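> fold the following for me, if possible:
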Amino acid sequence: MSINLVKLCVGAESVEDLQQSFERRLHQRQADGEEVRLFHTTRMMPKRAEELLDGGSLYWVIKGNIQARQILTELRPIVDSDGIRRCKLMLGDDVIPTHWQPKRAFQGWRYLKTEESPMDLAQGEASIPVHLRAELAELGLL
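Prediction:
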């Protein structure tokens, strides 16, 4: 049985903004000769790793709503340059837009049960402009 993580996405205004940020990071890593994979570094190693890697995703909270997810492919323990243990959440390449789900601010990450996770947007829904998606979500229609 899988479980998910939810994390605030600081600095992104939209799912498209998040995707562009990831593209810039991948190009920079390639230029620097580093591993060209998407990841997010976090301070704590999740204790429920087995459940997370059994089909779990990292859900991104953008502007107060869960709006997208990425598949978790690996949890990689690392030690940073200051000697502090951290965890690299290795992510799938695709940013998958989801139905918007309000989420209050919090620190770090939280577990998110599969049954409480928002569904992915259908192909046509994902092409709706950001400002219209925001209005539809506010009305409870998306």
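> tell me the buried residues in the particular helix or strand that has Glu135 in it?
Element membership of Glu135 [criterion: DSSP states H and E] is helix 130-138. Under the neighbour-count criterion of 16 or more other CB atoms under 10 Å, helix 130-138 has Arg133, Ala134, Ala137 buried. The way it works is simple: take the backbone N, C-alpha and C, and place the C-beta from them, glycine included.
> with respect to Lys103, which of those is nearest?
Ala137 (12.0 Å; CB to CB).
> hmm, the closest one is touching Asn65, no?
Yes - in this structure, Ala137 is within contact of Asn65 by CB atoms under 8 Å, at 6.3 Å.
> mutual contacts of these two, please.
Trp100 (CB atoms under 8 Å, 6 or more residues apart in numbering).
> the helix ranked longest in the chain packs against which elements?
Criterion DSSP state H: the longest helix present in the chain is helix 15-31. Applying 3 or more CB pairs under 8 Å, 6 or more residues apart in numbering; DSSP states H and E, one finds that helix 15-31 contacts strand 38-42, strand 57-62, strand 65-79.
> closest to Gln107 out of those?
Closest among these, using CB to CB: strand 38-42, at 11.0 Å.
> select the helix or strand of the protein having the lowest average pLDDT value.
helix 123-126 (a mean of 70; mean pLDDT, DSSP states H and E).
> skip the chain neighbours and tell me the closest residue to Ala12.
Leu18 (4.3 Å; CB to CB, 6 or more residues apart in numbering).
> how many other residues sit next to that neighbour?
20 (other CB atoms under 10 Å).
> ditto for Glu50
So Glu50, with other CB under 10 Å, has 13 neighbours.
> got it, and Ser2?
Ser2: 16 neighbours (other CB under 10 Å).
> can you tell me the closest non-neighbouring residue to it?
Ser2 sits nearest to Gly55 (CB to CB, 6+ apart), 4.0 Å away.
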